[in-house]
Structures are given as C-alpha cells and as structure tokens.
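J.: build me a structure from this.
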Amino acid sequence: MSLIPSFFGNRRGRSSGAWDPFSALDAFDPFRDFPINFPSSAALIPGGGGENTAFVNTRIDWKETPEAHVFKADLPGLKKEEVKVEVEDDRVLQISGERRVEKEDKDDTWHRVERSSGKFVRRFRLPENAKMDEIKAGMENGVLTVTVPKAEVKKPDVKAIEISG
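T.: Numbering: from 1, shown residues only. Here you go, the predicted structure:
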C-alpha cells in the first residue's frame, strides 16, 4: 500500500504496492473530471470511446509527387485484415481500423500499460486530379501506403493570332 494516495485512479500495473511518482504523470488527464462534456475524438468515432483511446490519434502523412498523392500511416501491430481503405462519394478517402485490447489473464501482473488500443478513422478529401479508379494500397512492416495516381494536367493549346493593321 502506498503512503501517498493516488489521485489518478486505480490503473492496471499498480498491484506491486510501491508508489512510482512518475507513473502518475503518464496518466495525467487535466480534463478527466471537467464538469462540461466536450466530445473527445473517441466520442466522434462510431463505437469508439474505449478504455484506452490514444490510438484514435493515428498520424498519417500525405505527400504529393508529380505522379501521385501518397498517404502513409504508421499502424504497428495491425494486420492488413484489421485495416480498411475505402473511397466514398465526392472523392473522400477513408482509412479506418481497430486495435483490440490484449486479453488479460488473472495470473498476470501488469507493471506498465502504454500501448494504445481502440478504433480510428481518418478521412481526406482528394483533389480533382485524382484517378479514383486506380487507387492502390499496401502494407509492409506496420506501415500502410495508399497511392492515388494523378491525372495528367492537359496543357492548353496556345495558338498565336496574327494582328492585322
């Protein structure tokens, strides 16, 4: 039992009885007991809002090359079957997935829980020059790469007009 009470709730990993002053900082959420209910990012995702929802903040890079728009998402620990890449009407690319919470065994003693779990959804409106029927996606070493080829921009034909007079 700790001599100093925990102000951050009873989390898994506290079963050792020794108080770790730095572990409390990892769990600090200044808005946890805020009286007004602001929608969190997890609340905006259908079925979201699980115990540990940091995974909803999945970071995705979007770069444009002369040939394509390339999206890269770090999704460590996910299989390609756990990730969806979809194109909705009006040129919206949607990348979604879910990392499930690891099963707990009664005999296990958790010392630290830092890996995140939960659902994520990211949407991107694609530009007019995107070839919607040629989108490709691949996953290697936990990195999802979505390539959206670009249509060639037709250069206007310039015709010189002779000036009379």
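
J.: helices of this protein, start to end?
T.: For the chain, applying DSSP state H gives helices covering 23-26.

J.: in it, which spans are strands?
T.: In the chain, the strands defined using DSSP state E lie at 60-64, 68-74, 83-88, 92-99, 118-125, 136-140, 143-149.

J.: got the contact list for the fourth one?
T.: Going back to what we said before, that points to strand 92-99. 55, 60, 71, 73, 75, 77-78, 82-88, 116-126, 135, 144, 146, 148 (CB atoms under 8 Å, 6 or more residues apart in numbering). C-beta coordinates here come from the backbone N, C-alpha and C atoms, glycine included.

J.: relative to strand 118-125, how tilted is it?
T.: With axes from the mean of the first three to the mean of the last three CA atoms, to 10 degrees applied, the angle from strand 92-99 to strand 118-125 works out at 170 degrees.

J.: for strand 92-99, which strands pair with it and how are they oriented?
T.: Using DSSP bridges, strand 92-99 pairs in its sheet with strand 83-88 (antiparallel), strand 118-125 (antiparallel).

J.: just to revisit the earlier point, and the contacts of strand 92-99, which are buried?
T.: Buried subset of these (neighbour count, 16 or more other CB atoms under 10 Å): 55, 60, 71, 73, 75, 78, 83, 85, 87, 116-122, 124, 126, 135, 144, 146, 148.

J.: Trp62: what's its closest spatial neighbour, skipping adjacent residues?
T.: Spatial nearest neighbour of Trp62, excluding adjacent residues (CB to CB, 6 or more residues apart in numbering): Phe71 at 5.2 Å.
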